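In: just coords:
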Ligand SMILES: [Fe+2]
Ligand SMILES: [Fe+2]
């Protein structure tokens with residue numbers, strides 16, 4: 001399950017991008033030939049990745065509410081967590097992290113920039129994928145192989161264990177994505193020429209269109225918004241605190 005075909009494609013595509021990076025100026029010339037100026041209207045790759053982080057942040061809020069319900073005994077539809085974890089698995093951990101692993105991190109390593117941070121981020125990608133597989137298995141709505149639906153939530157001990165996984169995922173990914181937004185992506189932009197950056201942005205946009213269609217983010221956001229509504233955490237205004245007294 002961790003070896004998702006989309007993830008493999010993204011990583012392979014990343015290899016192409018890296019070839020361009022390692023070619024230096026000759027790769028940049030190829031980039032110029034490949035991308036007509038009039039077509040360079042897609043979002044910069046780093047902006048795309050930061051949008052993904054916003055989507056992931058909303059899933060972290062869903063996980064937090066799911067964990068709270070599991071700990072307090074409030075009712076929780078396993079599907080809310082199952083479908084959220086599937087988006088993490090099918091998009092964030094496959095495509096988004098495939099782009100990071102195929103384009104962003106190798107460029108930083110090659111430039112001898114943020115090497116320790118990149119090492120940690122890679123470990124966290126791997127740990128996150130394992131936690132996601134565990135969450136999906138525990139909350140699966142499909143009764144299969146003689147297993148009941150949502151097998152991980154049938155006992156108090158099981159629910160506590162899933163709550164720990166959800167908390168661990170949130171605890172890891174909040175600093176993970178904040179570090180990428182504030183340090184990793186700006187550093188990647190600094191070590192990449194304008195032409196290389198334009199080529200990579202085009203490749204990322206094309207891969208996203210090919211694998212997920214034209215409205216990938218809108219589709220995932222609609223799904224997430226539905227889950228937020230089901231959990232009662234959809235009202236942005238409800239997060240506004242009273243004035244301090
Ligand atoms: Fe990452
Ligand atoms: Fe990321």
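Out: Sure, I can see it. Since this is a predicted model, take the numbers as computed values, not measurements. Ligands and ions are numbered 1, 2, ... in the order given.

In: just give me the residue closest to the centre of the protein.
Out: residue 92 (2.6 Å; C-alpha atoms, centre = their mean).

In: check what pLDDT that one gets.
Out: On the pLDDT scale, residue 92 is placed at 98.

In: residues contacting it?
Out: 52, 55, 56, 59 (C-beta atoms under 8 Å, 6 or more residues apart in numbering). For glycine as for every other residue, the C-beta is placed from the backbone atoms N, C-alpha and C.

In: same thing but at 6 Å, please
Out: By C-beta atoms under 6 Å, 6 or more residues apart in numbering, the contact set of residue 92 is residue 56.

In: which residue lies farthest from the center of the chain?
Out: residue 245 (38.7 Å).

In: pull the contacting residues for that residue.
Out: Residue 245 neighbours (C-beta under 6 Å, 6+ apart): none.

In: for residue 237, see how far away it is.
Out: 20 Å (C-beta to C-beta, to the nearest Å).

In: which outside residues touch the strand or helix carrying residue 220?
Out: In the assignment (DSSP states H and E), residue 220 maps to helix 216-231. Contacts with helix 216-231, where a contact means C-beta under 6 Å, 6+ apart, come from 55, 58, 62, 65, 80, 84, 87, 208, 234.

In: which one is the fifth one nearest to, not counting chain neighbours?
Out: Distances taken as C-beta to C-beta, 6 or more residues apart in numbering place residue 227 nearest to residue 80, at 5.0 Å, with adjacent residues excluded.
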